[in-house]
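In: Any chance you can model this:
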Amino acid sequence: MLTNKAKYGVKALIHLAGLAPGETALITDIAVANNIPKKFLDAILLDLRNAGLVRSKKGPGGGYALARDADEITVGSAIRALDGPLAPIACASRSSFEPCDDCHDVNSCAIRLVMVDVRDAIAHILDNTSLTDMRERSAANQIRSLDYTI
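Out: Have a look, this model is predicted:
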């Protein structure tokens, strides 16, 4: 399950993806615009900065911005930076594999085999969806919503 930390982090990244080139956003503005607790967002943005997804600038004209183009940052990389591996259980993880205590044979465990498929499906979607893709999808749905109200 996606934690609030990852959800808020992705929301903040999408916000930053909407900035003009060279523009930065203050943490307070990001928090207010996306209904994210500011103190929580401080910690989230620090993790995203440490992961190389955002950069920060102090002083006048300072704030946060994406460290790379929005089409180069995947949702999967953001979630991994904030929540860790995408696998629903540790024995299905590629980066943090741990066998279950009650498992006798990880290679033939029916639960693990299905959870590996789940991990692969999730990773395929999240690793092939950029921040640009998410913004475009949201904008397209807003247009569709307007069509229904007119």
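In: from here on, contacts and neighbour counts on C-alpha atoms
Out: OK.
In: then stretch 34-51 to CSV, C-alphas only?
Out: Provided in CSV are the C-alpha atoms of stretch 34-51 (Å, rounded to 0.1, in the frame of the first residue of the first chain):
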residue,chain,number,x,y,z
ASN,A,34,-1.5,20.2,-2.1
ASN,A,35,-3.0,20.0,1.4
ILE,A,36,0.2,18.5,2.8
PRO,A,37,1.3,19.1,6.4
LYS,A,38,4.3,21.4,6.2
LYS,A,39,6.4,19.7,8.8
PHE,A,40,5.9,16.4,7.1
LEU,A,41,6.7,17.9,3.7
ASP,A,42,10.0,19.2,5.1
ALA,A,43,11.1,15.6,5.8
ILE,A,44,9.7,14.3,2.5
LEU,A,45,11.6,17.0,0.4
LEU,A,46,14.8,16.2,2.3
ASP,A,47,14.5,12.5,1.3
LEU,A,48,13.7,13.5,-2.3
ARG,A,49,16.7,15.8,-2.3
ASN,A,50,19.0,13.1,-0.9
ALA,A,51,17.7,10.8,-3.7
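In: Return the set of buried residues in it.
Out: Neighbour counts over stretch 34-51 (16 or more other CA atoms under 10 Å) mark 36, 41, 44-45, 47-49, 51 as buried.
In: From the chain's centroid, how far away is the strand or helix carrying Arg119?
Out: For Arg119, the element it lies in under DSSP states H and E is helix 110-127. Computed by CA atoms, centre = their mean, to the nearest Å, the chain-centroid distance of helix 110-127 equals 17 Å.
In: Which helix or strand lies directly C-terminal to it?
Out: Using DSSP H and E, the helix or strand that follows helix 110-127 in sequence is helix 131-149.
In: coming back round to it: need the contact partners of the helix holding Arg119.
Out: Helix 110-127 is contacted by residues 74-77, 86-89, 91-93, 106-107 when judged by CA atoms under 8 Å, 6 or more residues apart in numbering.
In: Point me to the residue sitting farthest from the middle of this structure.
Out: Distance from the C-alpha centroid of the chain, by CA atoms, centre = their mean, peaks at His104 (34.5 Å).
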